[in-house]
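>>> Coordinates for the following, if possible.
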Amino acid sequence: MPNERVARLRALLADRGHEALLIGSPFNRKYVSGFTGSSGMVLITQTSSVLLTDFRYRSQAPEQAKGFQIVEHGAKPLEDVRALLAVEGISRLAFEQDHVVFSEYLAWTQTLAGIVLEPVGGLVEGLRTIKDESELSIMQEAAELADRTFAHIQHIIRPGIREKDVALEMEMFMRAHGATSSSFDTIVASGERSALPHGVASDRIVGDNEFVKLDFGAYYNGYCSDLTRTVVVGRPSDRHREIYEIVLESQLTALAGIKPGMSGREADSLARDVIVKYGYGDLFGHGTGHGLGMEIHEAPRLSKLSDTILTPGMTVTVEPGIYIPGFGGVRIEDDIVITETGIKILTSSPKELILLG
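Here you go, the predicted model:
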């Protein structure tokens, strides 16, 4: 598995003039090497790929990091890195600037004295934006588990139940059906709390005739899904229906229009322009979507500030919303993959307004 990824990374390093890269981010380390342990570093040069880890992983590391030289580091791992660099005559080392705190950097300058440290950002993350077929297969399964969770929870939500109990039931269901955990803290926001874009489940009791917004996902085989649906418990008012239908139109418009070659800014406008048209633009304060994969928030972004060009293999969410303080809010979200001709939608839960209780 890692050979193609290492080759792509080496080509990127060569293009940018870097002799070697030290990877410490757990997600990037796993992506490049396949190693799932909790501790370790990966050193990539133009001629070698090394996984440095400790004695706990003597058996696991060789099994997972196929094609990598495994080095069991000592008490000071950077001393082993220094020795490896010396063997190849490397005097400049790139490192992940977004994953090294300043105190670490100061220690590195001492241990690696004489070696030029080159801070770089987003090298491996950039490679991760394009998912291969094995990744997309896992993400499809993670999406299907989220869909099954939504179908299940509809039988549980009713007036009088706590938001926290709804969230617990959802998380238990996902774990019972193969998830390692939820992708993030499950959002269950009812009534006026549904106007909170990130209203994590609280002690609030679900009432009659109100929105319940559910935003959740399954962390499954190392990848995330992310699904949002908003339902009404009881009878919806005309205002409930109006807000819901506007958000639904916005989301469907975006899904119909997103395609490769479009910028994140253009994709965002597809959804945002609909909400603005109906006069609710100031109540849609977040981006239309974000990348997802090994992490719940990855590149690219679908937002007013994103010039990233959407490319086949990218996986993103599409999640417009309207949030009215004191009343409630609606968000509808699906996971999609950019294809050669348009998109494929990974999630499939129904989107018509569902009435429960």
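>>> contacts, neighbours, all on C-alpha from now
Fine.
>>> Just the helices from this structure, written as ranges.
Applying DSSP state H to the chain gives helices spanning 2-16, 26-33, 60-64, 77-88, 102-111, 123-128, 133-153, 163-176, 238-257, 264-277.
>>> okay if I get those helices as a markdown table plus distance to residue 39, mean neighbour count and mean pLDDT?
Formatted as a markdown table, the helices of the chain follow (distance: least, Cα to Cα, whole Å; neighbours: other Cα atoms under 10 Å; pLDDT from 0 to 100):
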| stretch | distance to residue 39 | mean neighbour count | mean pLDDT |
| --- | --- | --- | --- |
| helix 2-16 | 18 | 15 | 91 |
| helix 26-33 | 8 | 22 | 97 |
| helix 60-64 | 11 | 16 | 95 |
| helix 77-88 | 11 | 15 | 95 |
| helix 102-111 | 15 | 12 | 93 |
| helix 123-128 | 18 | 17 | 96 |
| helix 133-153 | 23 | 20 | 98 |
| helix 163-176 | 25 | 19 | 98 |
| helix 238-257 | 40 | 18 | 98 |
| helix 264-277 | 35 | 22 | 98 |
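>>> Including distance to residue 295, could those go into CSV?
Formatted as CSV, those follow (distance: least, Cα to Cα, whole Å):
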stretch, distance to residue 295
helix 2-16, 18
helix 26-33, 8
helix 60-64, 20
helix 77-88, 26
helix 102-111, 24
helix 123-128, 10
helix 133-153, 12
helix 163-176, 17
helix 238-257, 22
helix 264-277, 19
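>>> So for residue 355, which of these sits nearest?
Closest to residue 355 of the helices of the chain is helix 238-257 (Cα to Cα; 11.1 Å).
>>> what sits up against the closest one?
210-211, 267-268, 270-275, 278, 318-322, 329-333, 342-343, 351, 353 (Cα atoms under 8 Å, 6 or more residues apart in numbering).
>>> What of stretch 270-278?
Contacts of stretch 270-278 (Cα under 8 Å, 6+ apart): 246-247, 249-251, 253-254, 257-258, 281-282, 284, 288, 320, 322.
>>> can you list the domains in the protein?
Structural domains annotated on the chain: 2-128, 133-356, as defined by automatic domain parsing.
>>> Any idea how far apart the tips of the last one sit?
Domain 133-356 has an end-to-end distance of 38 Å (criterion: Cα to Cα, to the nearest Å).
>>> How far away from the center of its chain is it?
Using Cα atoms, centre = their mean, to the nearest Å, the mean C-alpha position of domain 133-356 is found 13 Å from that of the whole chain.
>>> what does the shortest one give?
When distances are taken as Cα atoms, centre = their mean, domain 2-128 is centred 23 Å away from the chain's centroid.
>>> re earlier: for the helices of the chain, which one sits closest to residue 232?
Residue 232 lies closest to helix 238-257 among those, at 8.2 Å (Cα to Cα).
>>> the inter-axis angle of that closest one versus helix 264-277?
150 degrees (axes from the mean of the first three to the mean of the last three Cα atoms, to 10 degrees).
>>> Only C-alpha atoms, please: export helix 238-257 in CSV.
Output of helix 238-257 as CSV, limited to C-alpha atoms (Å, rounded to 0.1, in the frame of the first residue of the first chain):
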residue,chain,number,x,y,z
ASP,A,238,-45.6,27.1,8.2
ARG,A,239,-42.3,28.7,9.3
HIS,A,240,-40.7,25.3,10.0
ARG,A,241,-41.7,24.2,6.5
GLU,A,242,-40.5,27.4,4.8
ILE,A,243,-37.0,27.2,6.4
TYR,A,244,-36.7,23.6,5.6
GLU,A,245,-37.7,23.9,2.0
ILE,A,246,-35.3,26.7,1.4
VAL,A,247,-32.3,24.7,2.8
LEU,A,248,-33.4,21.7,0.8
GLU,A,249,-33.5,23.7,-2.4
SER,A,250,-30.1,25.2,-1.6
GLN,A,251,-28.5,21.7,-1.0
LEU,A,252,-30.1,20.1,-4.0
THR,A,253,-29.0,23.0,-6.2
ALA,A,254,-25.4,22.6,-5.0
LEU,A,255,-25.5,18.8,-5.5
ALA,A,256,-26.8,19.3,-9.1
GLY,A,257,-24.2,21.8,-10.0
